[in-house]
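> Got a predicted structure here, sequence first:
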Amino acid sequence: MDERTRRSLVIRDAMHSSELEGGRVTDAYRRDAQDYIDGHIDEDGLIRRTRARYGLETI
């Protein structure tokens, strides 16, 4: 399995899990997730963007 496929599966599973728990996956997150899948950002970048969007302290 190549890296792009792995990343895509990780994101798909995470979004599915969130939706099963009653969460909503926003368009903004989907755009960030696509940047992650495409290799433009790494996992830390995805987390930083998500935390910044909701005004949470960045790590």
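Thanks, I have the structure now. Residues are numbered from 1 along each chain as shown.
> Could you use CA atoms for every contact and neighbour count after this?
Will do.
> which residues are contacting the longest helix seen in the chain?
In the chain, assigned by DSSP state H, the helix with the most residues is helix 3-20. Helix 3-20 is contacted by residues 24-25, 33, 36-39 when judged by CA atoms under 8 Å, 6 or more residues apart in numbering.
> orientation of the helix or strand that comes right after it relative to helix 3-20 in degrees?
Sequence order places helix 27-37 as the next helix or strand after helix 3-20, per DSSP states H and E. With axes from the mean of the first three to the mean of the last three CA atoms, to 10 degrees applied, the angle from helix 27-37 to helix 3-20 works out at 150 degrees.
> Distance from helix 27-37 to the middle of the chain?
Averaging C-alpha positions (CA atoms, centre = their mean, to the nearest Å) puts helix 27-37 6 Å from its chain's average.
> For it, give the mean pLDDT please.
Helix 27-37 carries an average pLDDT of 97.
> Flag every buried residue along it.
Across helix 27-37, burial judged by 16 or more other CA atoms under 10 Å covers 29, 32-34, 36-37.
> For residue 5, see how far away residue 11 is.
Distance of residue 11 to residue 5, given as CA to CA, to the nearest Å: 10 Å.
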